[in-house]
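> I need the structure of the sequence given here:
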Amino acid sequence: MDRKIFGGRYEVLEKIGAGGMAIVYKAKDQLLNRVVTIKVLREQFVTDQDFIRRFRREAQSAASLSHPNIVSIYDVGKEGDIEYIVMEYVEGRNLKEIIREYAPLSVEHSINLARQIAEAVQNAHEHHIIHRDIKPHNILVTEVGRAKVTDFGIALAVSSATVTHADDIVGSVHYLSPEQAKGLPSNEQSDIYSLGIVLYELVTGKVPYDGETPITIALKHLQEEPVLPGKINPRVGRDFEAVIMRAIAKSLSQRYASAKDLLEDLNNLQAGRPIAEIPERPDDEEDDIEATQIHKGMSKGLSSTPTREGPSKTKTPGGKSVSKRKWRITKPQRLIALGVVALCVIFLVISGWKFYDYVNGETVKVPDVAGKSLEEAREIIERENLVFDESKVELKYDETVLEGLVIRQDPEAEKSVRSGREVVLTISQGPEKLLFPDVVTKSKEEAENLILEYGFDISKIEYKQMPNAIVAKGYVIAQDPEKNTAWLKGDPIVLTISEGESVQMYMPAVVDQEVTEAKNVLEGYGLTVKVELESSEEVATNMVISTKPKPGDPIVGTEVTIVISSGPTLGTVGQGIGDKVYMALLTGK
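Below is the predicted model:
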């Protein structure tokens, strides 16, 4: 394919990828002098003329999309027997590669990416285009963090063709919506479900449903509930978790109705606002979801499940065909059903008095417990005949509220509610502690940049200097805190910087020199000179008798002592007075 030119203008530069549908090349548009991406369809697709017509129609429809978070389609063409699409070239990596290397991502980063993807999906839905195959592999992320969704509209053509060419499930089954797994038509909410799975994977590092075969995974989408993302990643707060779980709800009535609704909650999360309450819609779709319309690629796997048979066709008096479900209820199923009914009756009996109390109870004002400890808040709340459930407490980092104290409450203080209403509290974890980086052996400038990048305040750094024969001058010898220590953003940081290899100094010979001359010599070496007096019959006044350390001995530190003659002794009393007077004259003190 090297040096191949498509359409007389797109020159292939290099192969950059391959998938089940196409081989992908980087190419140059010689007419517009820009780099583009060319997707060349594989042979099994180009031999199907129905698929080619459908594919061209969908690709041309998707080409009408213009959004900063959607990879643009420039052209659709044919070169001999080869069908190809010309698309925008994006310098970056796909989201699956990023997840493999960095997941779980931070909550902030995950919300930011999800917002961009949701904006792309919303724009496509407004143009009546459904993606049908939202997955990390189809999301590119540029070097500056912009997410761009690719292959909009193409999945419809591919899904129709796939059942002809292989007994396979269309798309990546890990991101398949329950309605797609049932073989029902995809809709806008199917894209939202797939996006919810992507968001789950971003914050946990894993998909909610996995298995050894595609059939196993598809059945889990239909039958199992995922582990809450907050149990896998404690940094996922309750509101964020609620958004993810609403996006991947199996029931269409409980799932976000539109990408716009999902985007609104993501915007609220990013801004620190509470998420919007989305009322459940009537459950009129549930019969369709539960209908056993199995995708052809899944029929063998799902037909073995011992639940109920699919709808059979019968004739009405008018001659029309209608669906009639046949149920096969086994004895264990009847026992389970009876057990569930019994539990429901017990629950209603036990909780009936609580409901009566709620409907007929008195109205109370919610007390203000902000700034209180958990135990104080509990006592105040229960004193007002309200309910507190410690398992529903939300923890949150806060720079201003001390750890263990209430940041906010729901319902708000002073709001009138029925007695027995539950109050949910958010408790402060104190300021967020970050992991401190390893800056030993880095230059002072590199250390500062890295510390700043990790979110710490470099104005809090205290520098110490120390000689070192191994670490070069100006580089970090030691750090406090140690690497990977949890540290508050504003706490003090101490870095010890190398002064380079120290030079050993030896005591200069200044004995028999006049005191002023000796001091000048020693201070010229950067030493601090301490003067002591000693009477002497032999050494003239004001001359150096001895030094500490002795001449030629190594100097430890920077302070040395010179002993100066004060002349002959004046007697015990006189000597003390004379020494003081002489020292005052000598030092000026």
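> residue boundaries of the helices in the stretch 101-250 of the chain?
Listed in chain order, the helices found in the stretch 101-250 of the chain under DSSP state H, counting those that start in this stretch are 107-126, 154-165, 178-181, 188-204, 214-223, 229-232, 238-247.
> so which of those helices is nearest Glu399?
Taking CB to CB, helix 107-126 is the member of those nearest to Glu399, at 15.8 Å. Glycine gets a C-beta too; all of them are placed from N, C-alpha and C.
> tell me how far the closest one lies from the chain's centre.
Once both centres are worked out by CA atoms, centre = their mean, to the nearest Å, helix 107-126 turns out to sit 15 Å from its chain's centre.
> before we move on, back to that, of the helices of the stretch 101-250 of the chain, which approaches Glu375 most closely?
helix 238-247 (21.4 Å).
> roughly how far out does that closest one sit from the chain middle?
15 Å.
> who touches Ser416 in this structure?
By CB atoms under 8 Å, 6 or more residues apart in numbering, Ser416 lies in contact with 363-366.
> that one pairs with what?
Here Ser416 sits in beta bridges with Lys365, going by DSSP bridges.
> gap between it and Pro136?
Ser416 is 47 Å from Pro136, where distance means CB to CB, to the nearest Å.
> with Leu199 instead?
Per CB to CB, Leu199 is found 10 Å from Pro136.
> ramachandran coordinates for the spatially most central residue of the chain?
When CA atoms, centre = their mean is applied to the chain, the residue found nearest the centroid is Ser106 (1.4 Å). Dihedral angles of Ser106 (phi, psi; degrees, to the nearest 10) stand at phi -70, psi 160.
> so what's Glu559 up against?
Going by CB under 8 Å, 6+ apart, Glu559 touches 527-530.
> buried among those residues? Need that as a selection in PyMOL.
Buried residues within these, by 16 or more other CB atoms under 10 Å, are selected in PyMOL with:
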select buried, resi 527+529
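> take the contacts of Glu559 and keep only those in strands.
The strands in this structure, assigned by DSSP state E, contain 528-530 from the contacts of Glu559.
> how about those in CSV, adding distance to Thr216?
Formatted as CSV, the ones in strands among the contacts of Glu559 follow (distance: CB to CB, whole Å):
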residue, distance to Thr216
Thr528, 79
Val529, 85
Lys530, 84
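> want to throw the residues you listed into a markdown table with pLDDT?
Formatted as a markdown table, these follow (pLDDT from 0 to 100):
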| residue | pLDDT |
| --- | --- |
| Thr528 | 91 |
| Val529 | 94 |
| Lys530 | 94 |
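> which of these lies closest to Ile130?
Of those, the one sitting nearest to Ile130 (CB to CB) turns out to be Thr528, at 81.3 Å.
> now the closest one: closest residue in space that isn't a chain neighbour?
Once flanking residues are discounted, Thr528 sits nearest to Glu559: 4.6 Å by CB to CB, 6 or more residues apart in numbering.
> what packs against whichever strand or helix holds Ile99?
According to DSSP states H and E, Ile99 maps onto helix 95-102. Under the contact definition 3 or more CB pairs under 8 Å, 6 or more residues apart in numbering; DSSP states H and E, helix 95-102 sits against strand 139-142, helix 188-204.
> the same query, at a cut-off of 6 Å, please.
strand 139-142 (3 or more CB pairs under 6 Å, 6 or more residues apart in numbering; DSSP states H and E).
> buried residues in the strand it packs on?
The neighbour-count check on strand 139-142 (16+ other CB under 10 Å) flags 139-141 as buried.
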